[in-house]
Structures are given as structure tokens and as C-alpha cells.
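**Q** Predicted structure and sequence below. I'll ask about it afterward.
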Amino acid sequence: MALTRKTLKAMGLTDEQVDSIIDMHAETVDGLKAQINAAKAGAAEKAPDKKGEEKPNQKPEDTEAYKKLKAEYDQYKADISAKEAKAAKEKAVRAYFEGKGISGKNLDIAIRGARAEIDALELDGEKIKDSKSLDDLVAGDYSGLVIKTETSGAKTPNPPASTGKPAKTKEDIMKIKDDSERWAAMRDNPELFGLDK
């Protein structure tokens, strides 16, 4: 219900009383309007009208906060990709060096020393496109790291004596007419006569 002169007169108030109430009411309303205007002015000063801060009709992609967050995310993705590429290159170079005979601690030394060559490599899947720089290292500076392996026969601690003569059988020995020669043959082949136990 609005506060009007007509309403106040209907309540039985005199003209002086009505004028006094209307004046007080006007002062109250004017004071409230002043407070509202001051609050609006203060809010406008604090409102984000600076560059990069959100505006009422601004898209999220256009804000500075979004652009900064997207740049950080893109950098994170680039860092992950770089780490994966570095690991793939190192794995390919390890396999290459192992194929050339560098292994164990020598392989770790070779990998650490070839960091510039590894970073400059290009891969085709998991294979090295051009291994010339690595070939040069293996042939030159890393030649001392290559482990050379030789294949040889088994070592026997007590090889059988070889006289150059074919092995004799028990029958061959028993056919020897000379006793001393026969006894010497028996002594040289005790296993044929059960004497080696």
C-alpha cells in the first residue's frame, strides 16, 4: 500500500500531520536512493573492467585466464611429447650400441657421452633413420668400449695323451709277441683290461 496524502487524510490526520509525514517519508526515500546510488558507484569501480577479466557477454575462450590455462596445458603436452621422443631415441640408440658390441657399464657411458648425437637423431618408427654419427662414434671415440668376443673350443683340464698312433683294441695288444712291448701297451690302455678301477 502506497503512502499518499489521501490515505493519510482517510486515517483522520490533520493537514499539518499529513505534510509532516510526507516530508519524513520523502527524506527517507531520498536517503535510500542515495545509498543505492553510492553502492552502484562502488560496485562499478570494483567491477572487472580491466583487460582480460570477464565481461558479461564474453565467451570463456576469450578470457585471459582461459588463454593462460590453455598455454600452460599446451606446454605440458609439449613437455610430455618431448620426454616420450627422448625415451624412444635413447631406446633405439641402446639397441644400436648393443648390436655393435657395447654393453653393460660401457653402454651407460656411451649413452651419456652421445647425448648430442641422440638429440639430433631422427626416428622412422622405432628405427634410426641415419646412424652415420653413431657409426663414427663407435669407430672412433667409443672403439675402446666395444667388447670383443672370441669363440674357442672347450678347455679340458687333462687332455688324453696323443701318440699319433691309432687306438689299439684288447685283441691287438694280446697279439703282440714281445712281452715287454705287450706289458707296455697294457699299461698305456688299462681300461681295456679292467685295471683302471
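**A** Yep, that arrived. Numbers count the residues shown, from 1 in each chain.
**Q** what's downstream of the helix or strand encompassing residue 82, the next helix or strand?
**A** Per DSSP states H and E: residue 82 is located in helix 64-99. Following helix 64-99 in sequence order, the next helix or strand is helix 105-113 (DSSP H and E).
**Q** rewinding a little: tell me the mean pLDDT over the helix holding residue 82?
**A** Mean pLDDT, helix 64-99: 84.
**Q** Can you give me the neighbour number for residue 95?
**A** Neighbourhood size, residue 95 [other Cβ atoms under 10 Å]: 13. All C-beta spots, glycine's among them, are computed from the backbone N, C-alpha and C.
**Q** let me fix that: residue 90
**A** The burial count assigned to residue 90 is 16, neighbours taken as other Cβ under 10 Å.
**Q** Repeat that for the one 10 residues further on.
**A** Other residues near residue 100 come to 20 when the count uses other Cβ under 10 Å.
**Q** What of residue 128?
**A** Residues near residue 128, counting by other Cβ under 10 Å: 18.
**Q** Skipping its backbone neighbours, what lies nearest residue 3 in space?
**A** Of all residues not flanking residue 3 in the chain, residue 25 sits nearest, at 5.5 Å (Cβ to Cβ, 6 or more residues apart in numbering).
**Q** Let me see the mean pLDDT of the helix or strand harbouring the one you found.
**A** Secondary structure from DSSP H and E places residue 25 in helix 15-46. Average pLDDT, helix 15-46: 83.
**Q** by contact count, what packs against that helix?
**A** Contacts defined by 3 or more Cβ pairs under 8 Å, 6 or more residues apart in numbering; DSSP states H and E place helix 15-46 against helix 5-10.
**Q** and the helix it packs on, how far from the chain's centre?
**A** Taking Cα atoms, centre = their mean, to the nearest Å, one finds the center of helix 5-10 at 84 Å from the center of the full chain.
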